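Chemist: Sequence and predicted structure, then a few things I'm wondering about:
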Amino acid sequence: AQSVTQPDIHITVSEGASLELRCNYSYGATPYLFWYVQSPGQGLQLLLKYFSGDTLVQGIKGFEAEFKRSQSSFNLRKPSVHWSDAAEYFCAVGPGGSQGNLIFGKGTKLSVKP
Amino acid sequence: GAVVSQHPSWVICKSGTSVKIECRSLDFQATTMFWYRQFPKQSLMLMATSNEGSKATYEQGVEKDKFLINHASLTLSTLTVTSAHPEDSSFYICSARSTAKNIQYFGAGTRLSVL
């Protein structure tokens, strides 16, 4: 079955500390992987995506993610968290091509301590 | 970057009335748009896939007669919640797929409250 697992429901980090949000997926074909961020009451903003090529992808707002096929993981990282990063983060997987929908994880809520 | 406009952002209605939500891709054409529903503290649940010029494809358990979807142009899809009831209160989010980039761009969502 196709699925995305985000094991951490809620993470709290201190401002300036490093961050890693975990994402594991189960997908039958070559996955297209995405990380989205959602602020309260807002839609989703794309942080970064992986389609192919270099397994370390850079995104907006200083985020990066590494695709590890052997571990079926696509963890999101940021070296130094800012208070404005507090939000809900969703990992998603989808097929290539122009059709098909995304499968989302349940999300990880990030809180940032001053 | 690509922008998807969703309107209204918040709507309150009486039970039994219908509510229409619009989703527009502002600077790209989207042959496929998606409608999601998000419950509090939950992930997004795909309701239906909207294809321009054809009938929408609904996910299992989603009532197509209750959630009417129209995708009449390459930049506009609408979701109409018919005869809304309090249990329909939720956060509805649309997305539009950029075929050129194979990326879904999301609207800001619509919070529906049915009294």
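Modeler: Structure received. Please read all numbers here as calculations on a predicted model, not as lab measurements.
Chemist: Quick check: residues of chain B near chain A?
Modeler: Selection of chain B residues close to chain A by CB under 8 Å from any CB of the partner chain yields B:4, B:6, B:31-32, B:34, B:42-44, B:46, B:49, B:91, B:93, B:95, B:97, B:99, B:102-109, B:111. Using the backbone N, CA and C atoms, a C-beta is placed for each residue, glycine as well.
Chemist: Can you say which of those are buried?
Modeler: Buried subset of the residues of chain B next to chain A (neighbour count, 16 or more other CB atoms under 10 Å in any protein chain shown): B:4, B:6, B:31-32, B:34, B:43-44, B:46, B:49, B:91, B:93, B:95, B:97, B:99, B:102-109.
Chemist: Neighbouring strands of the helix or strand of chain A with the lowest mean pLDDT in the sheet, and parallel or not?
Modeler: Lowest mean confidence among the helices and strands of chain A (mean pLDDT, DSSP states H and E): strand A:103-104, at a mean of 89. Strand A:103-104 has the following sheet partners, assigned by DSSP bridges: strand A:87-94 (antiparallel).
Chemist: Could you pull up the contacting residues of residue B:103?
Modeler: If you count contacts by CB atoms under 8 Å, 6 or more residues apart in numbering or on different chains, residue B:103 has them with A:34, A:46, A:49, B:2, B:97.
Chemist: Just checking: what are the partner strands of the helix or strand where the first one lies?
Modeler: Meaning residue A:34. Using DSSP states H and E, residue A:34 falls within strand A:32-38. Taking DSSP bridges as the criterion, strand A:32-38 forms sheet pairs with strand A:44-50 (antiparallel), strand A:87-94 (antiparallel).
Chemist: in stretch B:54-63, what counts as buried?
Modeler: Going by neighbour count (16+ other CB under 10 Å), the buried part of stretch B:54-63 is B:56, B:57, B:58, B:62.
Chemist: what about chain A, any weak spots by pLDDT?
Modeler: A:96-100 (pLDDT under 70).
Chemist: mind checking how far the spatially most central residue of it is from residue A:4?
Modeler: Closest residue to the average C-alpha location of chain A: residue A:35 at 3.4 Å, with CA atoms, centre = their mean. From residue A:35 across to residue A:4, the span is 11 Å (CB to CB, to the nearest Å).
Chemist: Just say which of the strands paired with strand A:32-38 is most tucked in.
Modeler: Compared across the strands paired with strand A:32-38, strand A:87-94 shows the largest average neighbour count, a mean of 24 (mean count of other CB atoms under 10 Å in any protein chain shown).
Chemist: Torsion angles phi and psi at residue A:61?
Modeler: Torsion angles at residue A:61 (phi, psi; degrees, to the nearest 10) stand at phi 60, psi 20.
Chemist: Now do the contacts for it.
Modeler: A:37, A:47, A:78, A:85.
Chemist: now do the same end-to-end measure for stretch B:61-78.
Modeler: From its first residue to its last, stretch B:61-78 covers 20 Å (CA to CA, to the nearest Å).
Chemist: go on, stretch A:28-35?
Modeler: End-to-end distance for stretch A:28-35, by CA to CA: 19 Å.
Chemist: cool, and stretch A:40-59?
Modeler: Start and end residues of stretch A:40-59 are separated by 21 Å (CA to CA).
Chemist: Neighbouring strands - and their directions - for the helix or strand residue B:78 falls within?
Modeler: In the assignment (DSSP H and E), residue B:78 maps to strand B:76-81. If you go by DSSP bridges, strand B:76-81 pairs up with strand B:19-25 (antiparallel), strand B:67-73 (antiparallel).
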